[in-house]
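S.K.: Generate coordinates for the sequence data below:
(2 chains)
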Amino acid sequence: RKEVEQDPGPFNVPEGATVAFNCTYSNSASQSFFWYRQDCRKEPKLLMSVYSSGNEDGRFTAQLNRASQYISLLIRDSKLSDSATYLCVVTPFSGGYNKLIFGAGTRLAVHP
Amino acid sequence: EPEVTQTPSHQVTQMGQEVILRCVPISNHLYFYWYRQILGQKVEFLVSFYNNEISEKSEIFDDQFSVERPDGSNFTLKIRSTKLEDSAMYFCASSQGQVQETQYFGPGTRLLVL
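M.R.: Next comes the predicted model:
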């Protein structure tokens, strides 16, 4: 089983749509959770951390369900600039040096 | 805003040659990482580095790979004898430290082994 699994997409949505991405992780001891964004041929950039209580940053809402080992990202009012690949990322343990384990990403294409 | 820089942006080399990829992490960061991404695949962890030594390395990081922080600012990844399958984008990242500290990625070096 893959450590982090995501639906590869692509999700093709019109501007203004709401879109949701899901992710599951296999290691129940995973400590930290993130959504990164990666534009074509660019480096991953942190979109937001994901907390157990759920958290929101503008149009973006992230949820974590530890019991189900499931992470979600909701994007409201999609913009053309949201077109990118969204990477679900976990860390396997707590500690100073912490490797990131990436999912393969979900591609989002927002069209006019 | 401080950022991680990497040089070169692109490198083409012949199979069997040595390459050195260079990174300048953010200046007050203590933890350094290399990741790679083969075209069309996911980002994979290679190695983490703290206090002038390797903290953890993945199965990919075999004896052909080494890392060094030669002068307190640069962080390098050396591949001694490149193989075709080493062709990938290599990302350097750094973080200030401790759990949940954000890792900031450099723009990457695209390595092509012919």
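
S.K.: What residues does chain B have near chain A?
M.R.: In this structure, chain B approaches chain A at residues B:30-31, B:33, B:35, B:41-45, B:48-50, B:55-56, B:58, B:89, B:91, B:93, B:95, B:97-108, B:110, judged by CB under 8 Å from any CB of the partner chain. Any C-beta I mention is one placed from the backbone N, CA and C, and that applies to glycine too.

S.K.: switch to 6 Å and redo it
M.R.: Selection of chain B residues close to chain A by CB under 6 Å from any CB of the partner chain yields B:31, B:42-43, B:45, B:48, B:50, B:55, B:91, B:97-100, B:102, B:105, B:107-108.

S.K.: what residue is smack in the middle of chain B?
M.R.: Taking CA atoms, centre = their mean as the criterion, residue B:34 is the residue nearest the geometric centre of chain B, at 3.2 Å.

S.K.: What pLDDT does the model give it?
M.R.: Per-residue confidence (pLDDT) for residue B:34: 98.

S.K.: measure it to chain A for me?
M.R.: Distance of residue B:34 to chain A, given as CB to the nearest CB, to the nearest Å: 10 Å.

S.K.: average model confidence for the one helix or strand residue B:89 maps to?
M.R.: Residue B:89 is located in strand B:88-95, with elements delineated by DSSP states H and E. Mean pLDDT, strand B:88-95: 96.

S.K.: List the pairing partners of that strand within its sheet, with orientation.
M.R.: According to DSSP bridges, the neighbouring strands of strand B:88-95, each with its direction, are strand B:31-37 (antiparallel), strand B:104-105 (antiparallel), strand B:109-113 (antiparallel).

S.K.: chain center to that strand, what's the gap?
M.R.: Strand B:88-95 has its C-alpha centroid displaced from the chain centroid by 5 Å (CA atoms, centre = their mean, to the nearest Å).

S.K.: who's in contact with it?
M.R.: For strand B:88-95, the external contacting residues (CB atoms under 6 Å, 6 or more residues apart in numbering or on different chains) are A:43, B:4, B:6, B:21, B:23, B:25-26, B:29, B:31-38, B:101, B:103-106, B:108-111.

S.K.: Counting neighbours, which bits of stretch B:82-94 end up buried?
M.R.: Using 16 or more other CB atoms under 10 Å in any protein chain shown as the burial criterion, the residues of stretch B:82-94 that qualify are B:82, B:86-94.

S.K.: same question, stretch A:18-31
M.R.: Of the residues in stretch A:18-31, those buried by neighbour count under the rule 16+ other CB under 10 Å are A:19, A:21, A:23-25, A:30.

S.K.: Next, count neighbours for the closest residue to residue A:66 other than its chain neighbours.
M.R.: Leaving aside its sequence neighbours, residue A:66 sits nearest to residue A:52 (CB to CB, 6 or more residues apart in numbering or on different chains; 6.3 Å). For residue A:52, the count of nearby residues is 10 (other CB atoms under 10 Å in any protein chain shown).
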